[in-house]
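A.B. asks: Here's a sequence, model it:
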Amino acid sequence: MPAKAGIHSGGRGGGNAVARCPCVYILASRPNGTLYVGVTGDVVRRIWEHKTDAVDGFTKKYNVHLLVYYELHETMPDAILREKQMKRWNRAWKLELIQRFNPQWRDLYRDIV
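C.D. replies: You can find the predicted model right below:
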């Protein structure tokens with residue numbers, strides 16, 4: 001299941017390859033705060049929906065809006081499998097993954113739009 005993980009550059013300008021690529025992502029309420037793992041085929045649209053509270057649910061209820069990690073996958077089935085794996089991880093493993101690729105807990109949304 002090949003994936004490109006972490007922080008990717010060159011995402012500015014809209015309509016980019018990142019936007020339409022199967023993607024697993026982690027959102028946070030703040031550094032070391034509440035985490036949410038999700039999967040999407042359009043990460044720019046989906047993160048915008050989280051950030052604007054366009055859809056009721058966990059991220060709206062707990063104010064989880066910072067994109068702190070994402071991985072791009074070749075296929076949606078690969079991305080869904082990875083999301084399921086990550087959802088089973090304990091919190092410490094998720095925090096370690098974020099720390100490794102985004103130690104400042106920067107909101108990566110601006111990097112992909």
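A.B. asks: and the gap between residue 113 and residue 24?
C.D. replies: Applying CB to CB, to the nearest Å, the value for residue 113 to residue 24 is 18 Å. Every C-beta, even on glycine, is put in place using the N, C-alpha and C of the backbone.
A.B. asks: whoops, residue 69 was the one
C.D. replies: Taken as CB to CB, the span from residue 69 to residue 24 is 9 Å.
A.B. asks: swap in residue 64?
C.D. replies: From residue 64 across to residue 24, the span is 15 Å (CB to CB).
A.B. asks: quick one: which of the two has more around it?
C.D. replies: With neighbours defined as other CB atoms under 10 Å, residue 64 and residue 24 compare such that residue 24 has more, 26 against 22.
A.B. asks: tell me the SS of that one?
C.D. replies: Classification of residue 24 using DSSP: H, G, I helix; E, B strand; the rest coil returns strand.
A.B. asks: ok, residue 91 - contacts?
C.D. replies: Residue 91 makes contact with residue 35, according to CB atoms under 8 Å, 6 or more residues apart in numbering.
A.B. asks: any idea of the mean pLDDT for the lengthiest strand in the chain?
C.D. replies: If you go by DSSP state E, the chain has its longest strand at strand 66-73. Averaging pLDDT along strand 66-73 gives 98.
A.B. asks: so how far is it from its chain's centroid?
C.D. replies: Strand 66-73 sits 3 Å away from the centroid of its parent chain (CA atoms, centre = their mean, to the nearest Å).
A.B. asks: helices and strands around it, which ones?
C.D. replies: In terms of contacts (3 or more CB pairs under 8 Å, 6 or more residues apart in numbering; DSSP states H and E), strand 66-73 is packed against strand 3-5, strand 23-28, helix 76-88, helix 91-101, helix 109-112.
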